[in-house]
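In: quick one: sequence and predicted model below, then my questions.
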Amino acid sequence: MKLSEAQEHVDKWIKTFGVRYFSELTNMAILTEEVGELARVMARKYGDQSFKKSDLKVDMADEMADVLWVLICLANQTGVDLEEAFAKNMAKKTERDKTRHLDNDKLK
């Protein structure tokens, strides 16, 4: 699915089942919460923390999808075309960093 399709899909879902978008500020707070939930899973799976019984059922892919969902909501609310923004961002990173990482001795 293209990002533009995902944006349309989320918009249709919100208008069909969600009544309306939450405010931008509320969605920003929700995004922060969802990133925190993903961070919790990552810290337990890849970091030094151990899983609690309540954490064992958590699905990392689902947590990532929650982050993407809210980010798409914010993009829709603020008029951001994520496909266009991502393409521009990749071009910026490619131009800016085309040799930066290759020349980084810490990465060799």
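Out: Great, that's in hand.
In: helices of this protein, start to end?
Out: In the chain, the helices defined using DSSP state H lie at 3-13, 24-45, 60-78, 82-97.
In: how about the nearest residue to S4, chain neighbours excluded?
Out: Counting by CB to CB, 6 or more residues apart in numbering, E83 is the residue found nearest to S4 once chain neighbours are left out, at 4.9 Å. Heads up, the C-betas are built off the backbone N, CA and C, glycines and all.
In: which ones are touching L107?
Out: H101 (CB atoms under 8 Å, 6 or more residues apart in numbering).
In: make that V35, sorry
Out: V67.
In: now do stretch 96-108: distance from first to last residue.
Out: This stretch, stretch 96-108, spans 20 Å end to end (CA to CA, to the nearest Å).
In: distance from that stretch to the middle of the chain?
Out: Centre-to-centre, stretch 96-108 and its host chain are 25 Å apart (CA atoms, centre = their mean, to the nearest Å).
In: off-centre distance for stretch 13-22?
Out: Here stretch 13-22 is found 19 Å from its chain centre; the criterion is CA atoms, centre = their mean.
In: hang on, I meant stretch 17-32
Out: 14 Å.
In: and it, what's buried?
Out: By neighbour count on 16 or more other CB atoms under 10 Å, the buried set for stretch 17-32 is 21-22, 27, 30-31.
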